[in-house]
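Asker: missing the sequence, but the structure's below:
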């Protein structure tokens, strides 16, 4: 005799209460629904055992319509007795197609919270080191899935910090030119991304525009807070020069975004930062709570309160919708598709430090950092002109995926947040990748639950409206 079957919510779907409301969220199908108690009872036992009594014929019909729609979307699935239903865990990401070069530790600023203590040393990557690393990078794209992915999507060169890349402008230009020449010879499209503090000279601006460089600026908000947190090493203010360069890129027709690091002192200026972005014509603002490492661990800065940061961010998010500015935070995941990894630091990045070490994480650049024991996966051997990799360490990082995060079981964001930032987990939990920082988890849960509720209640539109279902028990699915 065949086993009996019943309907149940798929393993990724979550029911939760938030600010007095009841909501359903399924990340796999991007379904957001508001509900009443009758719908909750019905979804909890949709095979009929828990069917609410005392409902009118119209209400029963509405529930059945909802159930039918949820089955079509895969939110409700058929489960055989004795089984757990169909697994819907997302598949792993393809291999990396990004080369990251940490060009220099030199910096002209003395930021109060710099994770890399930029400017405290004067190291710049040597030509033989970055050329050997580039040779290795392109050699890995010569076959298999990496080659197919690169042919479809192109390859990316990211020039990142530890310092300010534009202070070594000649080397920066040389690296970008050679990367593009190599990619062109392989028939691959390229993008080049530059993270900068925005204090560069006019010649750098012209090069960025002429070479179609994608740029992300650090700007911590209005003049007073930015100058407090990001002065020049001399102590002079940097705000006016950064804003001048931002305005020049906007005038040139570029998509310009900024990253604002939020300390307890900067918390009150978040809405002003969005207003400033509107005045400057910026496209995006990303807010990030300060990380207490590097200079940030000295006690001169502190993290904002969870509740206050959440409240401020949500106000800024609504302001962004009003001004057509993309206001973000690395903990927003409810608009994204399911994934196994928070970022490519889990065994997929290939970044070269000025010392020739290979790091998978943008925040781990020095061999004296305890995190180097986890995130350094090899080094450039100049004498042998090759890259030597630690395959065991790479495999250990690759195992840090959502399905292995026991601490995240039951979290509605498990397969979107995917365990949050691995380096922050490492630093918070004393070298354990599998225990996320509860401070960041609390912020992410508060923000995402509110955004899901807003989408379900019609307060805001979903970011991917054509791929998202929004409905309540009292209205037809849209």
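Answerer: Right, received. Where do you want to start? Note that the coordinates shown come from a computational prediction; the quantities given were computed from them, not determined experimentally.
Asker: need the contact list for residue 174.
Answerer: When contacts are counted by CB atoms under 8 Å, 6 or more residues apart in numbering, residue 174 is found next to residue 127. Bear in mind the C-beta positions are built from the backbone N, C-alpha and C, glycine included.
Asker: hmm, I was thinking of residue 270
Answerer: With contacts defined as CB under 8 Å, 6+ apart, residue 270 is in contact with 221, 260, 262, 287, 312, 313, 315, 316.
Asker: which of those residues lies closest to residue 184?
Answerer: Lowest distance from residue 184 to the contacts of residue 270 (CB to CB) belongs to residue 260, with 36.0 Å.
Asker: show me where the stretch 301-450 of the chain has its helices.
Answerer: 306-323, 372-375, 391-398, 414-417, 422-428, 438-456 (DSSP state H, counting those that start in this stretch).
Asker: any idea which of the ones you listed is most buried?
Answerer: Most buried of these by mean neighbour count (mean count of other CB atoms under 10 Å) is helix 414-417; its value is a mean of 25.
Asker: from the chain's centroid, how far away is it?
Answerer: Once both centres are worked out by CA atoms, centre = their mean, to the nearest Å, helix 414-417 turns out to sit 11 Å from its chain's centre.
Asker: and that helix, average pLDDT?
Answerer: Summarised as a single mean, pLDDT over helix 414-417 is 91.
Asker: what of stretch 291-306?
Answerer: Per-residue confidence for stretch 291-306 averages out to 94 on the pLDDT scale.
Asker: now swap in stretch 106-120 and tell me
Answerer: Mean pLDDT, computed over stretch 106-120, is 95.
Asker: now swap in stretch 19-33 and tell me
Answerer: Along stretch 19-33, the predicted confidence averages to a pLDDT of 89.
Asker: what about that stretch, start to end distance?
Answerer: 15 Å (CA to CA, to the nearest Å).
Asker: reformat the contacts of residue 270 as TSV; add pLDDT and distance to residue 174.
Answerer: TSV is the format used below for the contacts of residue 270 (pLDDT from 0 to 100; distance: CB to CB, whole Å):
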residue	pLDDT	distance to residue 174
221	97	35
260	98	31
262	98	36
287	98	34
312	98	42
313	98	40
315	98	45
316	97	39
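Asker: downstream of the stretch of helix or strand residue 69 belongs to, the next helix or strand is which one?
Answerer: Element membership for residue 69, per DSSP states H and E: helix 57-73. Next in sequence after helix 57-73, counting helices and strands by DSSP H and E, comes strand 76-80.
Asker: of all the residues in the following helix or strand past that following strand, which ones are buried?
Answerer: Taking DSSP H and E as the definition, the helix or strand that follows strand 76-80 towards the C-terminus is strand 98-102. Counting neighbours by 16 or more other CB atoms under 10 Å, one finds that the buried residues in strand 98-102 are 98, 99, 100, 101, 102.
Asker: now do stretch 281-292
Answerer: Of the residues in stretch 281-292, those buried by neighbour count under the rule 16+ other CB under 10 Å are 282, 284, 285, 286, 287, 289, 290, 291, 292.
Asker: confirm for me that the first one is in contact with residue 254.
Answerer: In other words, residue 282. No - taking contact to mean CB atoms under 8 Å, the distance of 10.2 Å between residue 282 and residue 254 leaves them out of contact.
Asker: number of nearby residues for residue 32?
Answerer: Residue crowding around residue 32 was assessed by other CB atoms under 10 Å; the count is 24.
Asker: state the distance from the closest residue to residue 330 other than its chain neighbours to residue 220.
Answerer: Of all residues beyond its chain neighbours, the one nearest residue 330 is residue 288 (6.2 Å), with distances taken as CB to CB, 6 or more residues apart in numbering. Remark: distance between residue 288 and residue 220 (CB to CB, to the nearest Å) = 10 Å.
Asker: hmm, back to that, next, the residue nearest to residue 330: secondary structure please.
Answerer: When states are read from DSSP: H, G, I helix; E, B strand; the rest coil, the local structure at residue 288 comes out as strand.
Asker: if it is in a bridge, with which residues?
Answerer: For residue 288, the beta-bridge assignment (DSSP bridges) gives partners residue 261.
Asker: taking the centroid of this protein, which residue is nearest it?
Answerer: Per CA atoms, centre = their mean, the C-alpha nearest to the average position across the chain is that of residue 330, at 4.3 Å.
Asker: and it, what pLDDT?
Answerer: What the model reports as pLDDT for residue 330 is 93.
Asker: ok, it - contacts?
Answerer: Residues near residue 330 by CB under 8 Å, 6+ apart: 286, 288, 421.
Asker: residue contacts, residue 276?
Answerer: With contacts taken as CB under 8 Å, 6+ apart, residue 276 has the following neighbours: 221, 222.
Asker: relative to residue 129, which of the contacts of residue 330 is nearest.
Answerer: Of all these, residue 129 sits closest to residue 421, with 27.3 Å by CB to CB.
Asker: not counting its neighbours along the chain, what's nearest the closest one?
Answerer: Among residues not flanking residue 421 along the chain, residue 342 sits closest, at 5.9 Å (CB to CB, 6+ apart).
Asker: just the helices from the stretch 151-300 of the chain, written as ranges.
Answerer: So, for the stretch 151-300 of the chain - with DSSP H, counting those that start in this stretch - the helices run 169-185, 202-210, 223-229, 239-251, 270-280.
Asker: so can I have JSON lines of those showing distance to residue 136?
Answerer: Listed next are the helices of the stretch 151-300 of the chain as JSON lines, based on distance: least, CB to CB, whole Å:
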{"stretch": "helix 169-185", "distance to residue 136": "12"}
{"stretch": "helix 202-210", "distance to residue 136": "27"}
{"stretch": "helix 223-229", "distance to residue 136": "37"}
{"stretch": "helix 239-251", "distance to residue 136": "33"}
{"stretch": "helix 270-280", "distance to residue 136": "39"}
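Asker: make a markdown table out of those helices and add mean pLDDT and distance to residue 416.
Answerer: Written out in a markdown table, the entries for the helices of the stretch 151-300 of the chain read as follows (pLDDT from 0 to 100; distance: least, CB to CB, whole Å):
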| stretch | mean pLDDT | distance to residue 416 |
| --- | --- | --- |
| helix 169-185 | 97 | 31 |
| helix 202-210 | 98 | 33 |
| helix 223-229 | 98 | 30 |
| helix 239-251 | 98 | 31 |
| helix 270-280 | 98 | 24 |
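Asker: so which of these is nearest residue 378?
Answerer: Judged by CB to CB, the one of those that comes nearest to residue 378 is helix 169-185, at 19.6 Å.
Asker: just want the angle from that closest one to strand 98-102.
Answerer: What separates the directions of helix 169-185 and strand 98-102 is an angle of 170 degrees, with axes from the mean of the first three to the mean of the last three CA atoms, to 10 degrees.
Asker: distance between helix 169-185 and the chain's centre?
Answerer: Distance, centroid of helix 169-185 to centroid of chain: 27 Å (CA atoms, centre = their mean).
Asker: per-residue confidence at the spatially closest residue to residue 331 that is not a sequence neighbour?
Answerer: Excluding its sequence neighbours, the residue lying closest to residue 331 (CB to CB, 6+ apart) is residue 444, at 3.6 Å. Per-residue confidence (pLDDT) for residue 444: 96.
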